[in-house]
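**Q** Build the 3D model from these lines:
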Amino acid sequence: MRKNLWTVCAGLAGLAALLAPGNAAQAQEMKEKPPLYTYVANWQFMRGSWGDAEKSLGALDGMMQKAMSDGTIVGYGDDMNLVHQMDAETHDNWWAATSLAGVVKVLNQLHDSSSESSPALNAARHWDEIYVSHYYNWKPGAVKNGYTHVSVYKLKEDAADDTLDNLSGRFIAPVLEKLVADGTISEYEIDDMAIHTEDPGTFLIVYITPTPEGLDKVQAAILDAVKNSPLSTQAFGSVVDGSAHRDGLYRTNCEYK
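**A** I've put the predicted structure just below:
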């Protein structure tokens, strides 16, 4: 079985080597940013109601645009799952803000409005998640019919408190920053859970690309980083529970300020 590329990539960015004085990886280290919070509303719709459900989720765009214009949020979007799993979401909608207050204000507005209610939404299975990221970037503007790739991992219980920061700032984020700069991806974030509805230690590597070709370009960039890194292949496996790893691929409409 072929290992996930991020597993190999992060493994080559071994923590011991990343922390070594004078390591070249430190020259491109990304600094931690102020928190970015993302609220994700997950929906599981019956196949026959997908059209109505997507119209209902699209009807929220006006409210989201207003919240982005007044600075309450910095981005929003909706996704359709392309790789379906038993008892998993078929769709989601989300919004991002630089404070928990921002995401909760929009949530309150949705609860107070009638636009959240429709037969399709009322009949769906539904659950929510709130994430926080300190390593992220985006290009302002809209993406229509783009693609979101999500890799889910879980740190081992004995991993140091700064493990995710070290992996993110010293290896993962620098690779993704280059892909934002050249236009291959329009947004990325490395997420931890702000409200722990999943096991502690769960983290996500998320990126959005506007074209199908972008998915291949990201994979090629990861392989290139693997090939050019002289670092240990053991560190990632020593801090991450490989059995918890999962991936997702989504069709995405979104906009960032």
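**Q** Show me where the stretch 151-257 of the chain has its strands.
**A** The residue ranges that make up the strands of the stretch 151-257 of the chain, judged by DSSP state E, counting those that start in this stretch, are 187-195, 202-209, 246-256.
**Q** Columns mean pLDDT on top of these, output as CSV?
**A** CSV is the format used below for the strands of the stretch 151-257 of the chain (pLDDT from 0 to 100):
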stretch, mean pLDDT
strand 187-195, 96
strand 202-209, 96
strand 246-256, 97
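**Q** what about the strands in the stretch 1-150 of the chain?
**A** Going by DSSP E, counting those that start in this stretch, the stretch 1-150 of the chain shows strands at 36-44, 75-81, 91-97, 125-138, 141-154.
**Q** just those: most buried one?
**A** Most buried of the strands of the stretch 1-150 of the chain by mean neighbour count (mean count of other Cβ atoms under 10 Å) is strand 91-97; its value is a mean of 24. Just so you know, the C-beta spots here come from the backbone N, C-alpha and C atoms, and that holds for glycine as well.
**Q** re earlier: can the strands of the stretch 151-257 of the chain go into TSV with extra columns for distance to Pro174 and mean neighbour count?
**A** Output for the strands of the stretch 151-257 of the chain, formatted as TSV (distance: least, Cβ to Cβ, whole Å; neighbours: other Cβ atoms under 10 Å):
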stretch	distance to Pro174	mean neighbour count
strand 187-195	11	21
strand 202-209	13	22
strand 246-256	21	18
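**Q** With respect to Lys154, which of these lies nearest?
**A** Distances from Lys154 to each of the strands of the stretch 151-257 of the chain were compared by Cβ to Cβ, and the smallest falls on strand 202-209, at 5.1 Å.
**Q** how many degrees apart are that closest one and strand 125-138 in direction?
**A** Counting by axes from the mean of the first three to the mean of the last three Cα atoms, to 10 degrees, strand 202-209 lies at 70 degrees to strand 125-138.
**Q** what packs against strand 202-209?
**A** strand 141-154, strand 187-195, helix 212-228 (3 or more Cβ pairs under 8 Å, 6 or more residues apart in numbering; DSSP states H and E).
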